[in-house]
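Engineer: Below are the sequence and a predicted model; questions follow.
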Amino acid sequence: MSDTNPDGHPSPPSTSPGGGGHGDPALPELRTGEPVSREEAAPGSEAGPEGADPQEEIVPDSLRVDPRVGEELYGTQFSAAYSRINARGVNALGNNNTIHIVNDTGKPAAKPLIRDLVGVSDLLAVYAETAADEELGRKLGQRSTACLAGRPHTGRFSTACVALARRHGRDRVHEVLLPGDVAPEVLNRAGGSIKEDHGYVLRLPGNGHGQVMRLLADLFRRRSASLLLIRHDDSPASARHSAEVQHRHPEPLAVFRAHLGHYLRDKLKLTDEESAQHMRGYLHHSDLIDTLHGSYGPREVVPIAEAIGQSHPADDGTLTEILRRSQPRRRARATEILRSNANANDASRRPRRTDQHERAFRLAYAIFAWQPLHYVFEAAGLLLEEIDGQAKRADWGRMALQHPVAELLGPLDVDWQEGREATRSRGGSSRSAWLHDGAMRGVIIDEAWHEFDSTRPALLKWLDTLVSKDDEPMQRAAAEAAGLLAHHDFARVCADLIDDWAASPKRRLRQAAAWAMVAADMGGQVSHLVRQQIRDWAGGHRNYQRDAAAYVYASGLQQPDLSWSLADLRRIAQDPMQQHTHAIAEGVYQLYAPHRADQIIFELARWSADRQLQLHAGAALLKIATVPANNSPGGGADLMVRAAHHEVDGQDLVRLWQVALLTSDLSRQAWATFEQWLTTAHTDDNLRKATAVLVTDLAALPTLRRRMTFRLAQLSQFRDGLPDWLDAAMRK
């Protein structure tokens, strides 16, 4: 197909000021397509050869962190937001709820929101009592604001929801979500959003709970409502506020009984007596009792109870396999894996470095799980060099022909042999770092961090070395490990690694910072710190860090509310350096879902009115315009289906197509995508009417009518003339 237009130019002429479309009243002022010059960069910005050069377009989903990474790193602690399951916490008090906007200042900033908590009735049915319940109920009876303090993953959120449900009713419990740059006092301006005789729970980072309770007490008292704050407990008992209750996780056996008993009665329809009899039988297994007592909280107990319920009646073999995949058993196996192969008789005869070599190899094997084994050898050698450097001893060089793989792997040799058999049965011969249980990956890294804490400086420098390699699998693996370690010492890992990567002139290091942040967020425990870091990057004065923030969204970061993510992306997109990148458009693409189409199109249409954001608005449209619909018989794009069902604003869509089709940087791709829409509509009656309306609205602009007429004539299916529906749409 020829790209020559009616005027003889190799591409459609620009319709920005001075172009052929000047004077078309319906068209927003478009950028001319010239790159932003270095002189236009903001004061204090970095203009490096790699940071400002035009980039290749990002292949959709190529930067996204696979949700399986979260399962491998965190096991049962994996944040459900990344698994595309709308659930949160042990009892699925979830993310897919009715959202009430608290306030909207009209600025492009994230807004607080209040959401209904569904599933509270189910929670009450499986809730295991804690020592805090009675005192917390008493505090809520005396005050309108209170605080529940405790460690994460101990069931604090469930305890808070149950306390509010008992006081106000199970259908009157809500969660308040605040962006990091919005103070809780904004609720004083919430007006009618705080309902009479309802309960509200707010997770509050930091130690400002006393002041928040004081400032909001009168608001909730006037409405006979309750506000219950949840905070991480890191203060001595003497420093606690009088309205604060200390939380302790419930007894593991009580949690197990509550969840398994409910499953047997509710799902399998057993009687109370039958359920109790089966429960007693399971609890006679000493291995099960030991595993439950070795758990770190309800999040580790509940999956065991649910797995047994789903396999009921579970025989000894089934029970053994369920326990094998539990977090307590994984920790025990990780300890065994990192233990030396030496026994008491030959330990004195082994070379001093042998133990270190074995542990380094096994740690590298976990970090590079599913990757070819040569990565493990190379990474293990680099770790030993870092350990030697920290010990200030001479470099002993790489070991060769000294230890076979089976000896270096120790207990992991079983996994490796299983992986070899699996690849051989499929006709392959690759030697890869295989794990029978993928979630062992994170547990081994955790064990190395905690049990060999004197090695932490060497571990961090080692990850930095791996990321500096020009090898994407190596960079991804190291970044994911850094994200996991951020759960244990966020400030240190950011200061020593991630912040420096984000500020690097090298794009691959900025991408590694993004992967590390997404991996950290997947665990859920440090999500508020991750989001604060992203806001600091997005609102700071360093272009490279803003670019790293864009890559975080392109890698799949999910904020609690879509508007928060879009506000961050808009702030980043205003950086002149972003005019050369595709990360903003890919970030919008990662946020797209059918139920979000209207909100995203509305926001992009607002962007199109800002010349600095037009390119991003058009590029984002082209990204999401190719997302296929799940239920379109003709294979049409999901956005076409939304438009046909009137689920997106038609004029917003027209405005965005105008920007995409008439912006010189985007026009070639835009016309190709638009022609795909027309081809699909020609064969799909369900999409044809809405597409015809879109064509009519676009053709009302003389510039677009001329170009559309020329482009359509080049299509092979329309060379004999336009079909009646399209010809009529063009002529209206």
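Structural biologist: The structure has been received and is ready for your questions.

Engineer: was I right about Glu196 contacting Arg223?
Structural biologist: Yes. In terms of Cβ atoms under 8 Å, Glu196 counts as a neighbour of Arg223; the distance is 5.2 Å. C-beta: built from backbone N, CA, C; applies to glycine.

Engineer: These two: which is more packed in?
Structural biologist: Comparing Glu196 with Arg223 by neighbour count (other Cβ atoms under 10 Å), the higher total belongs to Arg223, at 15 against 11.

Engineer: For the more buried one, what are phi and psi?
Structural biologist: When quoted as degrees, to the nearest 10, the phi and psi of Arg223 stand at phi -100, psi 10.

Engineer: how much space between it and Lys195?
Structural biologist: 7 Å (Cβ to Cβ, to the nearest Å).

Engineer: One more: Leu253?
Structural biologist: Per Cβ to Cβ, Leu253 is found 38 Å from Lys195.

Engineer: Could you pull up the contacting residues of the spatially most central residue of the chain?
Structural biologist: Centre of the chain computed as the mean C-alpha position; nearest residue by Cα atoms, centre = their mean is Leu557, 3.6 Å away. The contact partners of Leu557, by Cβ atoms under 8 Å, 6 or more residues apart in numbering, come to 517-518, 521, 530, 534, 565, 590.

Engineer: Switch the residues you listed over to a markdown table; also include pLDDT, neighbour count and distance to Asp727.
Structural biologist: Output for those, formatted as a markdown table (pLDDT from 0 to 100; neighbours: other Cβ atoms under 10 Å; distance: Cβ to Cβ, whole Å):
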| residue | pLDDT | neighbour count | distance to Asp727 |
| --- | --- | --- | --- |
| Met517 | 98 | 33 | 51 |
| Val518 | 97 | 27 | 48 |
| Asp521 | 94 | 29 | 51 |
| Val530 | 94 | 27 | 53 |
| Ile534 | 94 | 26 | 50 |
| Ser565 | 93 | 24 | 41 |
| Gln590 | 96 | 21 | 38 |
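
Engineer: farthest pair in those?
Structural biologist: For those, with distances taken as Cβ to Cβ, the pair at the greatest spread is Val530 and Gln590 (15.6 Å).

Engineer: Please identify the helix or strand for Gly389.
Structural biologist: Of the helices and strands defined by DSSP states H and E, Gly389 is found in helix 373-391.

Engineer: before we move on, what about Pro152?
Structural biologist: Secondary structure assigned from DSSP H and E places Pro152 in neither a helix nor a strand.

Engineer: Next, the distance between the ends of stretch 56-66.
Structural biologist: Using Cα to Cα, to the nearest Å, the span of stretch 56-66 from its first residue to its last is 22 Å.

Engineer: how far out from the middle of the chain is that stretch?
Structural biologist: 14 Å (Cα atoms, centre = their mean, to the nearest Å).

Engineer: can you list contacts of it?
Structural biologist: Taking Cβ under 8 Å, 6+ apart as the criterion, the residues outside stretch 56-66 that touch it are 82, 480, 511, 514-515, 518-519, 522, 551, 554-556, 582-583, 585-586, 589-590, 623, 626.

Engineer: Give me the buried subset of the residues you listed.
Structural biologist: 82, 480, 511, 514-515, 518-519, 522, 551, 554-556, 582-583, 585-586, 589-590, 623 (16 or more other Cβ atoms under 10 Å).

Engineer: At which residues are the helices of the stretch 501-650 of the chain located?
Structural biologist: Assigned helices in the stretch 501-650 of the chain, in chain order: 507-522, 527-539, 543-554, 562-573, 583-591, 597-608, 614-624, 638-644, 650-662 (criterion: DSSP state H, counting those that start in this stretch).

Engineer: What's the mean pLDDT across the shortest one?
Structural biologist: Which is helix 638-644. Averaged over helix 638-644, pLDDT sits at 95.

Engineer: Show me what that helix is packed up against.
Structural biologist: helix 597-608, helix 650-662, helix 667-683, helix 685-699 (3 or more Cβ pairs under 8 Å, 6 or more residues apart in numbering; DSSP states H and E).

Engineer: For that helix, list the C-alpha coordinates in PDB.
Structural biologist: Output in PDB follows, covering the C-alpha atoms of helix 638-644 (Å, rounded to 0.1, in the frame of the first residue of the first chain):
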ATOM      1  CA  ASP A 638     -12.700  -4.500  23.300                       C
ATOM      2  CA  LEU A 639     -12.900  -0.700  22.900                       C
ATOM      3  CA  MET A 640     -15.000  -1.200  19.800                       C
ATOM      4  CA  VAL A 641     -17.400  -3.400  21.900                       C
ATOM      5  CA  ARG A 642     -17.500  -0.800  24.700                       C
ATOM      6  CA  ALA A 643     -18.300   1.900  22.100                       C
ATOM      7  CA  ALA A 644     -21.100  -0.300  20.600                       C
END
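
Engineer: so how far is that helix from its chain's centroid?
Structural biologist: Shown here is helix 638-644, whose average C-alpha point lies 26 Å from the average C-alpha point of the whole chain (Cα atoms, centre = their mean).

Engineer: what's in contact with it?
Structural biologist: Helix 638-644 is contacted from outside by 594, 597-598, 601, 624-625, 627-632, 648, 650, 653, 677, 680-681, 686-687, 689-691, 694, using Cβ under 8 Å, 6+ apart.

Engineer: returning to what we had before: of the helices and strands packed on helix 638-644, which approaches Ala502 most closely?
Structural biologist: Ala502 sits nearest to helix 597-608 of all the helices and strands packed on helix 638-644, at 24.2 Å, using Cβ to Cβ.

Engineer: which other helices and strands contact the closest one?
Structural biologist: Here helix 597-608 touches helix 562-573, helix 583-591, helix 614-624, helix 638-644, helix 650-662, going by 3+ Cβ pairs under 8 Å, 6+ apart.

Engineer: Adding distance to Ser286 as columns, could you present the ones you listed in CSV?
Structural biologist: Shown next, in CSV, are the helices and strands packed on helix 597-608 (distance: least, Cβ to Cβ, whole Å):
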stretch, distance to Ser286
helix 562-573, 48
helix 583-591, 47
helix 614-624, 55
helix 638-644, 53
helix 650-662, 64
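
Engineer: nearest to Arg507, of those?
Structural biologist: Each of the helices and strands packed on helix 597-608 was scored for nearness to Arg507 using Cβ to Cβ, and the closest is helix 583-591 (9.8 Å).
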